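*Asks:* A structural model of the following input is requested.
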Amino acid sequence: MDKGKAIMGSGRRWAVDFGDNSLAPSSRDIPDPPGFSRASQEQDDSTVSKQKKDAEANWKAQKAWEVAQAPFKNLLMMGFMMWMAGNTVHLFSIGITFSALWQPLSALQGVGKVFEPYKDNKVDLLAPKLVFIALNLGAMVLGVWKLNTLGLLPTHASDWVSSLPPAQEVEYSGGGIAFH
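*Replies:* Coordinates of the predicted model:
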């Protein structure tokens, strides 16, 4: 007996007909399961394509909000790292502070690229972009605050002494009265 050949004649031993037999009397005898309606199968293609486009627009809007809120996680992590670095000026604390300033700055420069995949006529990206920008500006403020706590920002008058003109010396003498 050859492999792949049927045992009896030239027909197949097992066959399943996947054709639509919804009009056959045997399928009418079986009730439809709960939640199933034959009308849902007969929807026109325009309704289905519109639903797919709406679902895609909703997905894009949801992903845009996820991207917009991502800097918040980075903000918390960076704040913890700055706290762990301490308030003394050393290489680690300066590196963490530089990173805290550089990451939001580079993220702000690429706002358009970050939200490019979610651009759609049905998706409003203004609010997610504003949230993204605000969170990154907050991260930059955190970095500037860390620079101030390290004493690396010139915020006191003594930081500007070298740029002040020298004070004029004023001498007072006792005058013209002489005692003998």
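
*Asks:* Now stretch 51-65: buried residues?
*Replies:* 60-61, 64-65 (16 or more other C-beta atoms under 10 Å). All C-beta atoms are positioned from the backbone trio N, CA, C, and that covers glycine.

*Asks:* name the element the residue nearest the centre of the chain belongs to?
*Replies:* In the chain, the centroid-proximal residue (C-alpha atoms, centre = their mean) is Val67; its distance is 2.2 Å. If you go by DSSP states H and E, Val67 is part of helix 45-85.

*Asks:* and that helix, what does it pack onto?
*Replies:* Where contact means 3 or more C-beta pairs under 8 Å, 6 or more residues apart in numbering; DSSP states H and E, helix 45-85 is packed against helix 91-109, helix 126-150.

*Asks:* and Lys73, which of those helices is closest to it?
*Replies:* Taking C-beta to C-beta, helix 126-150 is the member of the helices and strands packed on helix 45-85 nearest to Lys73, at 9.6 Å.

*Asks:* buried stuff in the closest one?
*Replies:* Within helix 126-150, the residues that count as buried by 16+ other C-beta under 10 Å are 128-129, 131-133, 135-136, 139-140, 142-143, 146-147, 150.

*Asks:* quick check, nearest of these to Trp83?
*Replies:* Lys146 (9.3 Å).

*Asks:* so how far is Ile94 from the closest one?
*Replies:* 10 Å (C-beta to C-beta, to the nearest Å).

*Asks:* Give me the angle between the helix holding Val67 and helix 91-109.
*Replies:* On the basis of axes from the mean of the first three to the mean of the last three C-alpha atoms, to 10 degrees, helix 45-85 is oriented at 160 degrees to helix 91-109.
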